[in-house]
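Chemist: Quick one, fold the following:
(one chain, ligands or ions: 1)
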Amino acid sequence: MQSSKRVFLGSIATETNTFSPLRTDILDFKESFYAPPGMHPKTPTLCSAVYPAARARAAEFNWQIVEGTASWAEPGGIVNQQTWEFLRDQLLTELRTAMPVNIVILGLHGAMVSQGCLDCEGELLAAVREIVGTAAIIGATFDPHSHLSKRWIENTNLITIFKEFPHTDFVEVAENLMTLVHRTSLGDINPVISSFDCKMIEVLPTSREPMRGFVDKIKALEGQGSVLSISVIHGFMAGDVPDLGSRVVVVTDNDQSGGDRLAAELGAELFSMRGKTRPEFLTLNEAFDKAEVSKAVPVVIADIWDNPGGGVPGDSTILLRELLRRRIKNAALATIWDPIAVRTCFSAGEGAQFQLRFGAKMSKFAGEPMDAYVIVRRAVRDAVQSFGQSIVPLGDAVWIEVGGIDVILNSVRSQVFNPDIFSNFGINPKSKKTLIVKSTNHFYDAFSRISQDILYAAVDGPYPNDPKTNSYSNLTRDIWPRVENPHG
Ligand SMILES: [Zn+2]
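Modeler: As a prediction, the model looks like this:
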């Protein structure tokens, strides 16, 4: 019988767009997801999948689990310093109270920036190591849209990162970490982490080639020879930090030089894919022209840069205006973030018809606010959509009809993940000719099941979508596409 291990779980996660007109504070965490010790639901969130994954294996591994707080805020602007310090210190206090522990498992995002800290996860991991000492095992999962720093590697034993974008594998990645941590605790393996800086930033969807093949390849390499795990940090172009960029992370069983070699090899291969990984990005006109002649029902147009999942407000009205300008009927759009308009619609009630101003209130880049005669079709308290096994809150939300088009307004920001964002309101997404969704690629998996024609409209907004010209002040390394050959 294995001896019992004390395992501490924690999760603090958000993705900070340092260019966003928004700011993030504790209310954003509480609105999105906030679970005090013992209160984490059975279903995972994206970054807290380590909770259900650890619980599921506790009996088998003889783990005695102590849960700390788990929190997640929808990607947004720079995190208020008091909020960061509160979340950090709360988790560290919970850890100190749980001591002695043998294992710490954290569900992190890896792109959190506060007013006073450019590498919140690095700061947290260093503080955790300080408390638990070098004998304890620290394992963490990350989102690939993150900024890997030296501090992460120095202060963890194991790192696993979602391989898929859309992140359909977040549960699997957490489960994988449990197995590796357990084997480490038995002395069965001695993990060492290698990483390679690809010195590039690119959009890397794995739903298509060449990234599809690359992910399949690294998965096949796992378990071969000394290789325990391989993952890719895609990087996050909207975070102005020193470590911005793609990296390959290889974890081997006590084989630093072999891991370094493999990371460099795979990193060079990834670098060679730069400029070839994106789907066809269309202008506004191209996307609508194509949609109008498409035979598919529905056609999906993704408003890829007005993606709340990338930290912008998600209140652009540009695509809605285009629908109205073209007099397109039988269309639905999700979502425009406007808590004030939602509140007004609730006050008016279902069936009400009136003049409403909504959208485009947070920046001059998101078009003009809409002033329109609307019909309130449905008003739903605490509306949700699904993303894989997780349930994503939209807050109070309404379905309004504007010029014959169905529009969902929400009060808690979220990108679109699943067609149930429409059907949960009573809109049948399969009966619509045109669906507009705000999301870069996370929508793809679920929407590809109901649509034969998915179009990516690249419309400028508040998101800093051109890393060549974005005004970075903390990024001092040379990376592609800012320089043609950063590897010299
Ligand atoms: Zn991500």
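
Chemist: before we move on, which element is I159 in?
Modeler: Using DSSP states H and E, I159 sits within strand 158-161.

Chemist: Check which helices and strands the helix or strand just after that strand sits against.
Modeler: For strand 158-161, the following helix or strand on the C-terminal side (DSSP H and E) is helix 170-185. Counting contacts by 3 or more Cβ pairs under 8 Å, 6 or more residues apart in numbering; DSSP states H and E, helix 170-185 is packed against helix 50-61, strand 103-108, strand 137-142, strand 158-161, strand 227-233. Glycine gets a C-beta too; all of them are placed from N, C-alpha and C.

Chemist: Provide the strand pairings for the strand holding I159, with the direction of each partner.
Modeler: Sheet pairing for strand 158-161, assigned by DSSP bridges, gives strand 137-142 (parallel).

Chemist: and the angle for the partner strand with strand 103-108?
Modeler: Angle between the axes of strand 137-142 and strand 103-108 is 10 degrees (criterion: axes from the mean of the first three to the mean of the last three Cα atoms, to 10 degrees).

Chemist: and among the helices and strands packed on helix 170-185, the most buried is which?
Modeler: Comparing the helices and strands packed on helix 170-185 by mean neighbour count (mean count of other Cβ atoms under 10 Å), strand 103-108 comes out on top with a mean of 27.

Chemist: Now tell me what touches the helix or strand that that one is followed by from outside.
Modeler: Sequence-wise, the next helix or strand downstream of strand 103-108 (DSSP H and E) is helix 120-132. Outside of helix 120-132, the residues within contact range by Cβ atoms under 8 Å, 6 or more residues apart in numbering are 12, 79, 84, 88, 91-92, 95-96, 99, 101, 104, 106, 108-110, 112-114, 117, 138, 140, 142, 146, 149-152, 154-156.

Chemist: How is whatever residue of the chain ends up closest to the ion assigned, secondary-structure-wise?
Modeler: Nearest residue of the chain to the ion: H145, at 3.5 Å (Cβ to the ion). Following DSSP: H, G, I helix; E, B strand; the rest coil, we place H145 in the coil state.

Chemist: Output stretch 432-452 in CSV with nothing but the alpha carbons.
Modeler: Presented in CSV, the C-alpha positions along stretch 432-452 are these (Å, rounded to 0.1, in the frame of the first residue of the first chain):
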residue,chain,number,x,y,z
LYS,A,432,-30.8,30.5,-39.3
LYS,A,433,-29.2,31.3,-42.6
THR,A,434,-26.5,33.4,-40.9
LEU,A,435,-25.0,33.1,-37.5
ILE,A,436,-22.5,35.7,-36.2
VAL,A,437,-20.3,34.7,-33.3
LYS,A,438,-17.7,36.7,-31.4
SER,A,439,-14.8,34.3,-31.0
THR,A,440,-11.4,33.7,-32.6
ASN,A,441,-11.4,29.9,-32.7
HIS,A,442,-13.0,28.4,-29.6
PHE,A,443,-16.4,28.3,-31.3
TYR,A,444,-15.1,26.2,-34.1
ASP,A,445,-15.4,22.7,-32.7
ALA,A,446,-19.1,22.9,-31.7
PHE,A,447,-20.2,25.0,-34.6
SER,A,448,-18.5,22.9,-37.2
ARG,A,449,-21.0,20.2,-36.2
ILE,A,450,-23.9,22.3,-37.4
SER,A,451,-22.4,24.3,-40.2
GLN,A,452,-20.6,23.4,-43.4
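
Chemist: can you give me the offset of that stretch from its chain's centre?
Modeler: Averaged C-alpha coordinates place stretch 432-452 at 17 Å from its chain's average position (Cα atoms, centre = their mean, to the nearest Å).

Chemist: Report the buried residues of that stretch.
Modeler: By neighbour count on 16 or more other Cβ atoms under 10 Å, the buried set for stretch 432-452 is 432-447, 450-451.

Chemist: how far is the longest strand seen in the chain from where the chain is centred?
Modeler: Counting residues, the longest strand found in the chain (DSSP state E) is strand 370-387. With Cα atoms, centre = their mean as the basis, strand 370-387 stands 24 Å off its chain's centre.

Chemist: next one: stretch 352-367
Modeler: On Cα atoms, centre = their mean, the centre of stretch 352-367 falls 26 Å from the chain's centre.

Chemist: For it, report the contacting residues that lie outside it.
Modeler: So stretch 352-367 is contacted by 21-22, 306, 312-313, 315-318, 320-321, 336, 338, 340-341, 344-345, 348, 368-376, 400, 409, 460-462 (Cβ under 8 Å, 6+ apart).
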